[in-house]
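Student: Here is my input, please return the structure:
(one chain, ligands or ions: 1)
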Amino acid sequence: MPQTYKNIVVLTGAGISAESGLATFRAANGLWNNHPVEEVATIEAFQRNPEYVHDFYNEMKPELYGAKPNPAHLALSKLQKEYPGKVSIITQNVDTLHEKAGSNGVLHIHGQINQAVCLNCGQVMESWGEVNTETVCPHCQVAGMMKPNIVFFGESLLCMNEVDRLLQSCDLFVSVGTSGVVFPAAAFVQIAKQYGAETYEFNLETTSNNFYFDHHIMGKAGETLPKFVEVLLAK
Ligand code: APR
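Tutor: So this is what the prediction gives:
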């Protein structure tokens, strides 16, 4: 491990929020087991039954609103604040636990549960309340055109220009709590490696991206990540 990294990029997935009590997607009791992706996370599903899709995300809001960051989120926030190099967080999660832990500039490439986008004017509104097919856009005042600001399968990811810049300039890439099966996020480690980054994976198990990681830190992120951050800060 070099003395100091200049640009650390951290990619997080549902696993980092598991110890905050939030369900992951592909575990035995995962979100996608109870609600097939085809019914709640595709453009076709939203066009077919917008009320049902709005309800799915509205029902998630109270739990995500009340969720608390765990030591893994707090460790990343401490790293961002105290590390001499730049620390950027890219998350696939739609919860706001990184922000609650004090992190800033978090890139939500799959969107955020507390946001909705107007399909008429493109403006994004923040709301932890219910959004549905009657909601009026606060910007253009048109009703019934709001969509959860969640990136559905088949849609383009958000913040990708910034993500590309970060991946091409990072010298340490850290993946935390993601199964590495959903692209293009699952390819981020490969891009970082191609540009010379050292790569770490924090997970309960090795994932399908195994080949691209120089280091595998097994265990619960709430335990392993704080220790890793302490080592980085001690340098
Ligand atoms: N500590 C570390 N890793 C954990 C923990 C934990 N406490 N708990 C679970 N994990 C790991 C699991 O082993 C798994 O590899 O987190 C990963 C969660 O995988 P998924 O449920 O597939 O979630 P994620 O990788 O974030 O999914 C990516 O898929 O459906 C889309 O948009 C959705 O953003 C999501 C994307």
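Student: Which residue comes closest to the closest residue to the ligand within the chain once chain neighbours are left out?
Tutor: Of all residues in the chain, the one sitting closest to the ligand is residue 15 (2.2 Å; Cβ to the nearest ligand atom). The way it works is simple: take the backbone N, C-alpha and C, and place the C-beta from them, glycine included. Spatial nearest neighbour of residue 15, chain neighbours left out: residue 177 (2.2 Å); criterion: Cβ to Cβ, 6 or more residues apart in numbering.
Student: How much space separates the one you found from residue 5?
Tutor: 21 Å (Cβ to Cβ, to the nearest Å).
Student: just to revisit the earlier point, what pLDDT does the model give the residue of the chain closest to the ligand?
Tutor: With respect to pLDDT, residue 15 scores 98.
Student: rewinding a little: which residue of residue 177 and residue 5 possesses the greater neighbour count?
Tutor: Legend: neighbour count by other Cβ atoms under 10 Å for residue 177 and residue 5, higher for residue 177 (26 against 22).
Student: Tell me the pLDDT of the more buried one.
Tutor: Predicted confidence (pLDDT) for residue 177: 98.
Student: hang on, it packs against residue 16?
Tutor: Yes. Using Cβ atoms under 8 Å, residue 177 makes contact with residue 16 at a distance of 4.0 Å.
Student: Quick check: neighbours shared by those two?
Tutor: Shared contacts of residue 177 and residue 16 (Cβ atoms under 8 Å, 6 or more residues apart in numbering): 72, 221.
Student: give me the beta-bridge partners of residue 218?
Tutor: Beta bridges link residue 218 to residue 203 when assigned by DSSP bridges.
Student: Let me fix that, I meant to ask about residue 42.
Tutor: Here residue 42, judged by DSSP bridges, has bridge partners residue 153.
Student: and residue 8, that one's in a helix?
Tutor: No. Read with DSSP: H, G, I helix; E, B strand; the rest coil, residue 8 is strand and lies in no helix.
Student: so where's this protein uncertain?
Tutor: Counting by pLDDT under 70, the ranges of the chain that qualify are 1-2.
Student: near the ligand, which residues of it show up?
Tutor: 13-15, 18-19, 24-27, 30, 92, 110, 177-179, 182, 202-205, 207, 220-221 (Cβ under 6 Å from any ligand atom).
Student: Separate out the buried members of these.
Tutor: Buried members of the residues of the chain next to the ligand, scored by 16 or more other Cβ atoms under 10 Å, are 13-15, 18-19, 24-25, 92, 110, 177-179, 202-203, 207, 220-221.
Student: Contacts made by stretch 108-120 with the rest, please.
Tutor: With Cβ under 8 Å, 6+ apart as the contact definition, stretch 108-120 has outside contacts at 57, 60-61, 64-65, 90-96, 123-128, 131, 135, 137, 139-140, 142, 145-151, 157-160, 163, 185.
Student: Only the buried subset of those, as a PyMOL command please.
Tutor: Applying 16+ other Cβ under 10 Å to the contacts of stretch 108-120, the buried members can be selected in PyMOL as follows:
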select buried, resi 57+60+61+64+90+91+92+93+94+95+96+125+127+131+135+137+145+146+147+148+149+150+151+157+158+163+185
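Student: Show me what secondary structure element comes after the longest strand belonging to the chain.
Tutor: Secondary structure of the chain read by DSSP state E shows that its longest strand is strand 111-118. As assigned by DSSP states H and E, the chain's next helix or strand after strand 111-118 is strand 124-126.
Student: now whichever helix or strand comes after that next one, how far from the centre of its chain.
Tutor: Next along the chain after strand 124-126, taking DSSP H and E as the criterion, comes strand 146-150. Here the centre of strand 146-150 is set off from its chain's centre by 16 Å, with Cα atoms, centre = their mean, to the nearest Å.
Student: Residue 193 touches residue 173, doesn't it?
Tutor: Yes. Judged on Cβ under 8 Å, residue 193 makes contact with residue 173 at a distance of 7.3 Å.
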